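Asker: Fold the following and give me the result.
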Amino acid sequence: MNNIEDISDAHIDALYRRIGINVKKRRELKGLTQLQLALAMNLKSPGLISQGELYLKKQHFNIKHLYQLAHILECNITDFFQEEL
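Answerer: Predicted structure coming up:
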């Protein structure tokens with residue numbers, strides 16, 4: 001059995017960065033700006049999108065955001081976790 005100690009903060013940071021990169025790739029494939037995506041999520045500004053894509057100040061997407069993003073970007077939520085798109 002694995003222990004929680006096997007998961008370092010660096011592993012978690014890498015996962016959040018990968019998710020952000022994959023969201024950005026999907027957004028760009030759809031030809032959407034950060035603002036357009038934010039508005040589609042009923043957000044008032046692209047701040048969440050920008051920070052989540054860059055993992056800026058450790059800001060990341062939560063499960064609700066990922067579910068909404070997958071719906072808007074017409075992909076599977078698991079696509080955001082893939083090593084390479």
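Asker: what's the distance between residue 47 and residue 83?
Answerer: Going from residue 47 to residue 83 by Cβ to Cβ, to the nearest Å gives 27 Å. C-beta coordinates here come from the backbone N, C-alpha and C atoms, glycine included.
Asker: So if I had to pick from the two, which one is more boxed in?
Answerer: More crowded of residue 47 and residue 83, by other Cβ atoms under 10 Å: residue 47, with 13 against 6.
Asker: which element is residue 70 on?
Answerer: Residue 70 is part of helix 63-72, with elements assigned from DSSP states H and E.
Asker: So which bits of that helix are buried?
Answerer: Residues 65-66, 68-70, 72 are the ones in helix 63-72 that count as buried (16 or more other Cβ atoms under 10 Å).
Asker: Am I right that residue 72 is in contact with residue 41?
Answerer: Yes - Residue 72 is within contact range of residue 41, at 6.8 Å (criterion: Cβ atoms under 8 Å).
Asker: host element of the nearest residue to residue 81 once chain neighbours are set aside?
Answerer: The shortest distance from residue 81 to any non-neighbouring residue, by Cβ to Cβ, 6 or more residues apart in numbering, is to residue 19 (6.6 Å). Using DSSP H and E, residue 19 sits in helix 9-29.
Asker: what mean pLDDT does that helix have?
Answerer: Helix 9-29 carries an average pLDDT of 97.
Asker: Toward the C-terminus, what is the element adjacent to it?
Answerer: Once helix 9-29 ends, the next helix or strand along the chain (criterion: DSSP H and E) is helix 34-40.
Asker: what's in contact with that following helix?
Answerer: Applying Cβ atoms under 8 Å, 6 or more residues apart in numbering, the contact partners of helix 34-40 are 27, 32, 44-50, 53, 69, 72-73.
Asker: mind listing what's buried in that helix?
Answerer: By 16+ other Cβ under 10 Å, the buried positions in helix 34-40 come out as 34, 37-38, 40.
Asker: any low-confidence regions in the chain?
Answerer: Low-confidence segments of the chain (pLDDT under 70): 85.
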